[in-house]
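Here's a sequence, model it:
(3 chains)
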Amino acid sequence: MFEIRFHGRGGQGAVTAANILATAAFYEGNDVQSFPFFGVERRGAPVEAYTRIDNKKIDIKMYIYNPDAVVVLDTSLMKDLDVTRGLKKGGYLILNTQKKPSDFNYKDFKVAVVDATEVAVEFGLGSKSSPIVNTAILGAYSKAVGNVKIDSISKAIRDSAPAKAEENANAAYESYKRTVLGW
Amino acid sequence: MVMMMLKGNEATAYAAKVAKVQVIPAYPITPSTLFPEKVSELISNGEMKAEFIPVESEHSALSAAIGAAATGARTMTATASQGLALMHEVLFIASGMRLPIVMAIGNRALSAPVNIWAEQQDTIAQRDSGWLQFYAENNQEALDLSLIAFRVAEDKRVLLPAMMGMDAFVLTHTMEPVDVPDESLVEKYLGPPEQKYPTLNPSQPSTFGAFVFPEHYMEFRYSQFVAMEHSKKVIDEAFEEFKNIFGREYRKVSGFMNEDADILLISMGSMTGTAREAIRKLREKGEKVGLIKLSVFRPFPKEELVEITKNARIVAVVDRNISIGFAGAIFTELVASYNNIEKKPKILNFILGLGGRDIRVEDYIEIYNRAKEAENRGVKEIQWINVDEDAVYEVEGPL
Amino acid sequence: MKITRGVVITEPGSTALEETGSWRTFKPVIKYEKCIRCMICWNYCPEPAIEKQPGENYPVANPKLVKMEIPVINYRYCKGCGICVNECPTKAIDFVREEK
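Sure, this is the predicted structure:
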């Protein structure tokens, strides 16, 4: 079983990212689950969403406490929040940032970075004040973790995006290319 | 069939679609809102042909459903928590009028304190309303049990409305792969929505929901009681036929690693899968423990439950509800089911997961450990799991 | 955790303890030399996180306005919704990406 936690802000699309990743992993023959941190939705407020992937049937229905990977859509969250909470040693930390992996001091985790905000703005996703980075960051997930192929992610994006399907899928490919691995 | 990634609310919306439900009156409430949203979307896309009636309250939603069902239309709605509570008086009207309405419930705690998260208190509080009650463990079950609910509700031997409960967020907002069956197969299973009972029809005027004096009232209530008893057999038939057509097996009561178990846990709803994981872990350590899953609460499957639990030494009943002043509902009814039976296991009650408190594998292991203690010494009959008893002690004093 | 009977919260003002400024991704910054002190931003701010303050010591777009109050953003509560940026008639509010 592989468990992923997404951190974002209400409106950035963290929940949709968790759903798209689950859908993509399902296309590859896995059993999957995705769910939001259950609660009230407020634009800008910190939100969490989760994806579970397994090659056999997933029975459990509980929160994820020890994820194998953490995806951060908005690094401004990291000031007030320990995004590595419960992250397994050697786990993946995928960050949307302009910084380099070496700018972060996490010796227990594999840090991968991409400027998904820049990619989202380039592809006209969301508005400038609130770019929607969820599809772009999934490209980085695929590059960093590799257990869900970028082609599956792009298919899941095309199948589920209510608008700008092509731009969203291309944003994922673009950030896949731009992702910098810190290991 | 087609596999789709669906949230629980979407799964029940697709159940409405493939069952060719004709009328859907609904009023949105968290965590059920996605049901009317999805149904509206399917109708506006032309994927589904049904009349969607937006109403001004849950009371009106069920009242409109009664009107629709009285014309013979296949009718479905959805609600949760306060919405279901607001329907309370109308629930009895629907069952008293013997209208086979199906209602999907996002099982959610009741206020106060205001809380939108998972708990089964809302439907449990309506257990006396004359509705059948099914509970889903996952989104596939939410879809399947909605179809099964129609089949049982519309059966001429039953003609009672049915609720299909799925835990708030844990199912309603969780996305999983769901097999959405073909409409043609569902039509074979349910039959076309046709009039199986007297209906509102201008060419044959009838009176519905009439006034009845004491000299006759009890016969109508007894009639409901008999129909609910009949539904036990009809549910088994509906499960069997469902397996034949769709290949998925359901039982009112099903066991997991229970054959040789000394201690049995009983669970209902979304936390059952987590319980299975706990049982596997305990079995790996050589513990003789098993799990009983309840998929139907009304009619209460007392015969099956007694049969499957009678050889255990201890039965630990897990309730995500509490009747303040006594105990959890499943516990209460299991204990009552053993009335007049000599040999019975020790039965304990564990209350957990109220107001959406996460139910984890370790909570079930804790329950098992506490139940095991009861083998050697007396323990409290009703125990609350994962609750800060000290904080309550500060305010209420010792129990 | 401390609980009370009947969920009564006896300390008023507890909502102010939640500093919603952490929700921001973009930050509004008022360029006072373009601000005409019309207070439309103050009026529209939903939080509200814009306060009226004496304006004598701030840069001014027009000397006639110097005695008027000016809007000051309280970043402890500003959620970065951008409504003020959108409503400002003289485009005197920039919206700047924050990486905290």
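
Now do residue C:100, the pLDDT please.
Looking at residue C:100, its pLDDT reads 51.

One more: residue B:78?
On pLDDT, residue B:78 comes in at 98.

Does stretch B:343-353 reach chain A?
No. Using Cβ under 8 Å from any Cβ of the partner chain, we find that stretch B:343-353 stays clear of chain A, coming within 9.9 Å at best. All C-beta atoms are positioned from the backbone trio N, CA, C, and that covers glycine.

Next to chain C, which bits of chain B? Give me the list.
Counting by Cβ under 8 Å from any Cβ, the positions of chain B adjacent to chain C are B:112-113, B:388, B:391-392, B:394-396.

Oops, could you answer that again for chain A instead?
Contact residues, chain A versus chain C (Cβ under 8 Å from any Cβ): A:9-10, A:12, A:42-46, A:74-80, A:97-99, A:117, A:128-130.

Among those residues, name the ones in strands.
Within the residues of chain A next to chain C, residues falling in strands by DSSP state E are A:9, A:46.

The residues of chain A next to chain C, buried ones only, as a ChimeraX selection?
In ChimeraX, this line selects whichever of these come out buried by 16 or more other Cβ atoms under 10 Å in any protein chain shown:
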select /A:9,10,12,44,45,46,74,75,76,77,78,97,117,129,130
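
Now, of the residues of chain B next to chain C, which are buried?
Buried residues within the residues of chain B next to chain C, counting neighbours by 16+ other Cβ under 10 Å: residue B:392.

for the residues of chain B next to chain C, which one is nearest chain A?
Ranked by distance to chain A (Cβ to the nearest Cβ), the residues of chain B next to chain C are led by residue B:113 at 14.1 Å.

Which element, helix or strand, includes that closest one?
Assigned by DSSP states H and E, residue B:113 falls within no helix or strand.

My read is that residue A:95 contacts residue A:111, right?
Yes. Under the criterion of Cβ atoms under 8 Å, residue A:95 makes contact with residue A:111 at 6.7 Å.

neighbour count winner among these two?
The neighbour count for residue A:95 versus residue A:111, taken as other Cβ atoms under 10 Å in any protein chain shown, is higher for residue A:95 (28 against 23).

The strand or helix carrying that one: what's the following helix or strand?
Residue A:95 is part of strand A:92-96, with elements assigned from DSSP H and E. With elements assigned by DSSP H and E, the helix or strand that comes after strand A:92-96 is strand A:110-114.

which secondary structure elements does that following strand contact?
In terms of contacts (3 or more Cβ pairs under 8 Å, 6 or more residues apart in numbering or on different chains; DSSP states H and E), strand A:110-114 is packed against strand A:92-96, helix A:134-145, strand A:180-181.

would a markdown table of those with mean pLDDT and distance to chain B be doable?
Converted to a markdown table, the helices and strands packed on strand A:110-114 look like this (pLDDT from 0 to 100; distance: least, Cβ to the nearest Cβ, whole Å):
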| stretch | mean pLDDT | distance to chain B |
| --- | --- | --- |
| strand A:92-96 | 97 | 21 |
| helix A:134-145 | 97 | 14 |
| strand A:180-181 | 97 | 29 |
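
Please work out which of those is packed deepest.
helix A:134-145 (a mean of 28; mean count of other Cβ atoms under 10 Å in any protein chain shown).

Is residue B:278 in a helix, a strand, or coil?
Here residue B:278 is helix, with the state taken from DSSP: H, G, I helix; E, B strand; the rest coil.

my read is residue B:163 is in a strand, agree?
Yes. Assigned with three-state DSSP, residue B:163 falls within a strand.

Could you list the low-pLDDT ranges of chain C?
C:99-100 (pLDDT under 70).

ok, which residues in it are in contact with chain A?
Applying Cβ under 8 Å from any Cβ, we find that chain C lies next to chain A at C:20, C:22-26, C:79-82, C:85, C:95, C:97-100.

ok but residue B:93 is inside a helix, no?
Yes. Residue B:93: assigned to a helix according to three-state DSSP.

Could you list the domains of chain B?
Annotated domains of chain B cover B:2-246, B:253-396 [automatic domain parsing].

coming back round to it: tell me which strands the strand holding residue A:95 pairs with, and in which orientation.
strand A:69-72 (parallel), strand A:110-114 (parallel) (DSSP bridges).

Pull the shortest one out as PDB, backbone CA atoms only.
This means strand A:69-72. Taking C-alpha atoms only, strand A:69-72 is exported to PDB below (Å, rounded to 0.1, in the frame of the first residue of the first chain):
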ATOM      1  CA  ALA A  69       4.800  10.800   0.100                       C
ATOM      2  CA  VAL A  70       3.700  14.300   0.800                       C
ATOM      3  CA  VAL A  71       2.800  16.800  -1.900                       C
ATOM      4  CA  VAL A  72       2.700  20.500  -1.000                       C
END
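
Could I get the buried residue list for that strand?
By 16+ other Cβ under 10 Å, the buried positions in strand A:69-72 come out as A:69-72.

what's the spacing between it and its chain's center?
Relative to its chain's centre, strand A:69-72 lies at 6 Å (Cα atoms, centre = their mean, to the nearest Å).

All good on my end, thank you.
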